[in-house]
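J.: I need the structure of the sequence given here:
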Amino acid sequence: MTDVADSFPNLLAPGRIGGMELRNRVVLPAMDQNNCTDEGLVTDETVAHYEARARGGVGLLIVETSAVSYPYGATARHQPALSHDGVVPDLRRLADAVHAHGAKIVVQVCHHGKTSSVDVSEGRPALIPSLPPPPSDPRGMMADTTMDELLRMATLTGGQMATYAEATAGQLEGIVRDFADAAARVQQAGFDGIEVHAAHGYLLSTFLSPAWNRRDDAYGGSLEGRTRLLVEVVAAVRDRCGTDFAVIVRLDGHEYGVENGITIDDAAGHARAAATAGADAIHVSATSSSGTGIGFTDAPLPWQPNQYEGLARAVKAAVNVPVLAVGRIRPPDAERILGEGGADFVSMGRQLLADPDLVRRLNAGRPDLVRPCINCFVCVAQNFWSGRPVCAVNARLGHYGEPDPSPASSPRHVVVVGGGPGGMECARVAAERGHRVTLLEAAERLGGTARFSSLTTPLNGEFVDFLSAAIADAGVDVRTGVRADAEVIAALAPDAVVVATGARRDRPDLPGMDLPHVLSGDDLRALLTGDGDLGARRPGPLTRLALGAGRLLGLTRDMGRVRSLSRFWMPIGRRVVIVHGDLVGTELAHFLAERGRTVHVLEPGTQPASAMAHPRRWRALHESRSAGVVFHTEAETTAISPTQVEYRHGDATLRLDADTVVIAGGVRADRSLADTLLAAGHEVHVVGDAGEEWYIEGAVRSGHRVGAAL
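T.: From the prediction side, this is the model:
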């Protein structure tokens, strides 16, 4: 265990925003959950989501963006409505549930301006400061987006194309009144305050942006003019709700992807104006106006850790009210930022989706039991079509209609075969429910494919480490280096067996597949880590010497060390062709290109990385191409020779030079052990890739489901 006082003294210290006394400096920022009714009313699922994070110890919770003029200016029907008194009773249920656990809660209030999808779907123009809007590529969102995803996105607007109107002074006066009325309803419902959303390209954000606001009336021109609408909103709320009701303002510290956008100097001026008008705190984020998918991973959901830290520091230097930092900040960095005076509070969005009990675990001195966000964008992908966010590593997110796992009425002996994410999650849940769990893993270390994938995606390794700690804490009997067959399992006398042995990787029937430079994913893992058998693909003497030394020194057991050393040497040729460009092939391509390889990817479909959540795909393909990877779509591999790979594209037969060929496809479920055990009379459950529940998300979800049902 860790001495929490030494590890996170600043993060876990109490703080104050306006009239709110907060038990720590951890903030849940507003993130759409899309689980309100069709009329924007809070539901039991809404309450369950926020209550779980209050129970887990969060100091301040900010409810997802809520429409002050609903349905006008709303992004979706299923976001919270604040436009009439009928919303108050259900809002009060939410506030009471959170307060019962000692947390404070505010509501993010917003008019969504140019992204008001409900307006578009109902034939109303979206409001913006000036016409025309800044230029953008109309095909920007189409790049690296599948047709299915585009069709689902179109459902937000009913298939209608957006039109825009310049907001009149009269409309702005009404919107200011709507903000004040919404704040009064939030106060009546028992909340501790509001957050005025003046970021992320919504209406107030566009009025602050010189790129969007080119007005020549009182609401444009100078910084004073551009901040006028924000100042009027804050002043109206303060006047209506009094001084004890907290008012936070969320601002953009930077605007990506457009000329003449918001700069950090602008943001400092915006923050000063908001504080002068009565804001109790400033929450510093960022926005992108590029109109492209890749822009979304610049802002507001950053790809890089701590991406907006410098923005928060600059705003803090400009104002005398507390500043909230956000942007892929995890506990160790949060502690550092607070300790250095870079911010007063830290928001952790996706991390608190991944683990609602984060604060409770830190308070208990167990940071090793904090379930890490792996930055896969699975959660936020759903918001592009008003879906309910789910999480690759937290099976509970988005499934609040299902009961929490409860103590087993009759404890049993459960044998789990396979120590990947699905097997470990199943073992964890079953053991925490009171079952006696034995986990068998053929390799010497836990993690399965996820451990090897941490070579290219380090956060996967952190998730494996979490699961390893969690099953140890739950009392699971872990036995590594055990190849489980029917005889081994029968000797353990299980009441139930869970097969989580992963997928089978078949070699395609191609000329040249038996050549020594042609590697499957399993071959590559064996080559780099020593796990498995290379068979006929026995490397040369120098490679064998290097790998043997690595294994002897324990280097190949640590994917972090392998990843670092691979920048200097790898047993991979300089020219690499990867056959199949889905998630595994795309991540591997980027990894190899960063290490000086010339990489071509042959993808038989129309879209590489189609299994990735599309925001992650946008970024992953952008980073890969920037590193020099060339993707060939609708490319059917037909033959491999000692020096080339032949493929067909349409009617043309083409060839690529290759020193190494990696087969990244051919994965299929492997139920062979499950079928054998069923035939022997065992109760058998199958999770993860073995049961066609693909990737970490499918493995964790199926493992949790089986563990909860045993």
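J.: Do you have the helices of the stretch 301-450 of the chain handy? List them.
T.: Listed in chain order, the helices of the stretch 301-450 of the chain (DSSP state H, counting those that start in this stretch) span 309-316, 331-339, 349-354, 358-363, 378-381, 421-432, 448-453.
J.: I meant the stretch 501-650 of the chain, not that one.
T.: Using DSSP H, counting those that start in this stretch, helices in the stretch 501-650 of the chain cover 521-529, 541-552, 559-565, 583-593, 614-626.
J.: thinking again about what came up before, lowest average confidence across the helices of the stretch 301-450 of the chain, which one?
T.: Among the helices of the stretch 301-450 of the chain, helix 448-453 has the lowest mean pLDDT, at a mean of 90.
J.: Using CSV, write out the CA atom coordinates for stretch 571-579.
T.: The C-alpha coordinates for stretch 571-579 follow below in CSV (Å, rounded to 0.1, in the frame of the first residue of the first chain):
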residue,chain,number,x,y,z
PRO,A,571,14.7,-8.3,-35.8
ILE,A,572,12.5,-6.8,-38.5
GLY,A,573,13.5,-5.8,-42.0
ARG,A,574,13.7,-2.3,-43.3
ARG,A,575,10.8,-2.7,-45.8
VAL,A,576,7.7,-4.1,-44.2
VAL,A,577,4.4,-5.0,-45.7
ILE,A,578,1.5,-5.6,-43.3
VAL,A,579,-1.4,-7.7,-44.7
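J.: for the helix ranked longest in the chain, packing partners?
T.: For the chain, the helix with the greatest residue count under DSSP state H is helix 169-188. Applying 3 or more Cβ pairs under 8 Å, 6 or more residues apart in numbering; DSSP states H and E, we find helix 169-188 packed against helix 88-99, strand 104-110, strand 193-198, helix 228-241. To be clear about C-beta, it is placed using only N, CA and C from the backbone, and glycine gets the same treatment.
J.: List the contacts of it.
T.: 66, 68-69, 73, 82-83, 85, 87-88, 91, 106-107, 109, 111, 127, 167, 193-194, 196, 203, 217-219, 229, 232-233, 236-237, 239-241, 245, 247 (Cβ atoms under 8 Å, 6 or more residues apart in numbering).
J.: now those: which count as buried?
T.: Buried subset of those (neighbour count, 16 or more other Cβ atoms under 10 Å): 66, 68-69, 73, 82-83, 87-88, 91, 106-107, 109, 111, 127, 167, 193-194, 196, 203, 219, 229, 232-233, 236-237, 240-241, 245, 247.
J.: Stretch 364-380: end-to-end distance?
T.: 30 Å (Cα to Cα, to the nearest Å).
J.: ok, now stretch 597-610?
T.: Using Cα to Cα, the end-to-end distance of stretch 597-610 comes to 24 Å.
J.: One more: stretch 315-334?
T.: Note: stretch 315-334 ends 17 Å apart using Cα to Cα.
J.: any chance of the helices of the stretch 301-450 of the chain in a markdown table, plus distance to Ala491?
T.: Below are the helices of the stretch 301-450 of the chain laid out as a markdown table (distance: least, Cβ to Cβ, whole Å):
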| stretch | distance to Ala491 |
| --- | --- |
| helix 309-316 | 55 |
| helix 331-339 | 43 |
| helix 349-354 | 38 |
| helix 358-363 | 37 |
| helix 378-381 | 39 |
| helix 421-432 | 19 |
| helix 448-453 | 23 |
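J.: ranking these by burial, who's on top?
T.: Most buried of the helices of the stretch 301-450 of the chain by mean neighbour count (mean count of other Cβ atoms under 10 Å) is helix 421-432; its value is a mean of 29.
J.: related to what we said a few turns ago, so for Arg563, which of the helices of the stretch 301-450 of the chain sits nearest?
T.: Arg563 lies closest to helix 448-453 among the helices of the stretch 301-450 of the chain, at 11.1 Å (Cβ to Cβ).
J.: Point out the other helices and strands that the closest one packs with.
T.: helix 421-432, helix 458-473, helix 521-529.
J.: now the second one against helix 583-593, angle please.
T.: Relative orientation of helix 458-473 versus helix 583-593 (axes from the mean of the first three to the mean of the last three Cα atoms, to 10 degrees): 120 degrees.
J.: same deal with the first one?
T.: Angle of helix 421-432 versus helix 583-593, following the same axes, to 10 degrees, is 120 degrees.
J.: how much distance is there from helix 421-432 to the middle of the chain?
T.: On the basis of Cα atoms, centre = their mean, to the nearest Å, helix 421-432 sits 22 Å off its chain's mean C-alpha point.
J.: Does that helix pack against any helices or strands, and if so which?
T.: Using 3+ Cβ pairs under 8 Å, 6+ apart, the elements in contact with helix 421-432 are strand 413-417, strand 436-441, helix 448-453, helix 458-473, strand 496-499, helix 695-709.
J.: which residues touch the residue nearest to the spatial centre of the chain?
T.: Centroid check for the chain by Cα atoms, centre = their mean gives Phe377 as the closest residue, at 3.4 Å. Contacts for Phe377 (Cβ under 8 Å, 6+ apart) come out as Thr297, Leu301, Met612, Ala613, His614, Pro615, Arg616, Arg619.
J.: just checking, the last one touches Trp303?
T.: Yes. Here Arg619 lies in contact with Trp303, judged by Cβ atoms under 8 Å, at a distance of 5.2 Å.
J.: Since that was my last question, I'll sign off now.
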